[in-house]
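Asker: starting from these lines, generate the structure:
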Amino acid sequence: MPTGNDVVDRALEAHGGEARWKALSTLTTQWTFRGMMFKMRMREAQLKNLTASISTREPRVVIHPYPKPGMQAVFTPQHLQVSDEKGVISSREHPRSTFGGLRTVVWWDDLEMLYFAGYVLWNYPQLPFLLLQPGLTLEDAGTSKQGQETWNKVKVTFPSEMPTHSPVQTFYFGPDGLLRRHDYCVAIMSPLARGARYIHSYQDVDGFKLPQRIEMKLGMWGESYAPFPSLGYVDLDNMKLS
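Answerer: Got it, this is the predicted structure:
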């Protein structure tokens with residue numbers, strides 16, 4: 001059903017269409033996380049050329065090989081699990097509750113890294129279709145002049161049970177309806193950890209426009225961000241829908 005927000009409804013059409021998206025159940029992608037925030041946690045080498053199978057209907061992601069070759073990891077908001085051919089190696093219930101101390105500001109264990117990767121992979125590849133999930137509140141937030149373009153802004157409030165960066169986020173859509181920018185706070189790191197995510201390129205997947213190259217900047221006051229260094233990059237390749 002339409003979201004009731006004209007900007008988002010136009011964006012859904014520009015990205016491939018709401019009805020067609022709702023007929024899908026799974027998005028598979030090869031992915032890499034790279035850049036400063038992953039180097040600082042000594043995780044960058046671990047997060048290259050992995051495969052994720054992402055449910056488009058519920059928050060569930062299966063990742064392999066992670067955290068080591070021969071292993072598979074499963075993310076859901078309330079349960080994380082790592083297994084190999086012999087069975088379960090490690091698991092954690094209510095994983096978001098482990099964040100918040102000084103240690104997790106600078107370092108994450110394998111399951112904490114899995115929680116972050118899991119919800120990011122459930123969120124990013126399927127935006128703006130993620131905004132069709134139940135319980136969201138969408139508000140027009142005006143426009144923003146970006147170079148030669150004027151972008152439409154939408155403020156989104158997410159329900160507390162939904163695994164995402166922060167309860168309130170802002171999305172910027174270009175004149176063509178495609179998502180250009182996404183502002184948020186990485187709440188599991190710090191209330192001050194503001195991010196500005198830019199989609200630099202899209203890929204065509206069965207008629208859908210889905211993100212391919214994403215850059216994460218450190219958000220500052222207003223709509224400004226630190227021009228250097230980038231916090232990190234997300235690369236999404238070889239997407240398949242079923």
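Asker: as a check, name the ranges of all helices in this protein.
Answerer: Ranges of helices within the chain are 6-15, 18-22, 36-40, 102-106, 110-123, based on DSSP state H.
Asker: okay, the ones you listed in a markdown table with distance to residue 141 next?
Answerer: Placement of C-beta: from N, CA and C, glycine included. Shown next, in a markdown table, are the helices of the chain (distance: least, Cβ to Cβ, whole Å):
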| stretch | distance to residue 141 |
| --- | --- |
| helix 6-15 | 9 |
| helix 18-22 | 21 |
| helix 36-40 | 27 |
| helix 102-106 | 29 |
| helix 110-123 | 19 |
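Asker: let me have these in a markdown table, extended by distance to residue 87 and mean pLDDT.
Answerer: Listed next are the helices of the chain as a markdown table, based on distance: least, Cβ to Cβ, whole Å; pLDDT from 0 to 100:
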| stretch | distance to residue 87 | mean pLDDT |
| --- | --- | --- |
| helix 6-15 | 40 | 98 |
| helix 18-22 | 36 | 97 |
| helix 36-40 | 29 | 94 |
| helix 102-106 | 28 | 88 |
| helix 110-123 | 17 | 98 |
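Asker: surely residue 89 meets residue 70?
Answerer: No: in this structure, residue 89 sits apart from residue 70 without contact. The criterion is Cβ atoms under 8 Å, and the distance is 10.3 Å.
Asker: between these two, which one's more packed in?
Answerer: Legend: neighbour count by other Cβ atoms under 10 Å for residue 89 and residue 70, higher for residue 89 (15 against 9).
Asker: my read is that residue 161 contacts residue 77, right?
Answerer: Yes: counting by Cβ under 8 Å, residue 77 is a contact partner of residue 161 at 6.9 Å.
Asker: ok, these two, which is more surrounded?
Answerer: Taking other Cβ under 10 Å, residue 161 and residue 77 do not tie; residue 77 has more neighbours (19 against 9).
Asker: excluding its backbone neighbours, what's nearest the more buried one?
Answerer: Once its chain neighbours are removed from consideration, residue 77 has its nearest residue in residue 163; the separation is 4.4 Å (Cβ to Cβ, 6 or more residues apart in numbering).
Asker: could you tell me how many residues sit around that neighbour?
Answerer: The number of residues packed near residue 163 is 20, by other Cβ under 10 Å.
Asker: ok, it to residue 175 distance?
Answerer: 31 Å (Cβ to Cβ, to the nearest Å).
Asker: how about residue 5?
Answerer: Distance check for residue 5 against residue 175: by Cβ to Cβ, it reads 17 Å.
Asker: quick one, which of those two is more surrounded?
Answerer: residue 5 (20 against 12).
Asker: in contact with that one, which residues?
Answerer: By Cβ atoms under 8 Å, 6 or more residues apart in numbering, the contact set of residue 5 is 138-140, 154.
Asker: identify the farthest-apart pair in the residues you listed.
Answerer: 138 and 140 (8.0 Å; Cβ to Cβ).
Asker: out of those two, which sits in the more crowded spot?
Answerer: Using other Cβ under 10 Å, the more surrounded residue of residue 138 and residue 140 is residue 138, with 17 against 13.
Asker: what sits against the more buried one?
Answerer: Residue 138 makes contact with 3-5, 8, 131, 154-156 under the criterion Cβ under 8 Å, 6+ apart.
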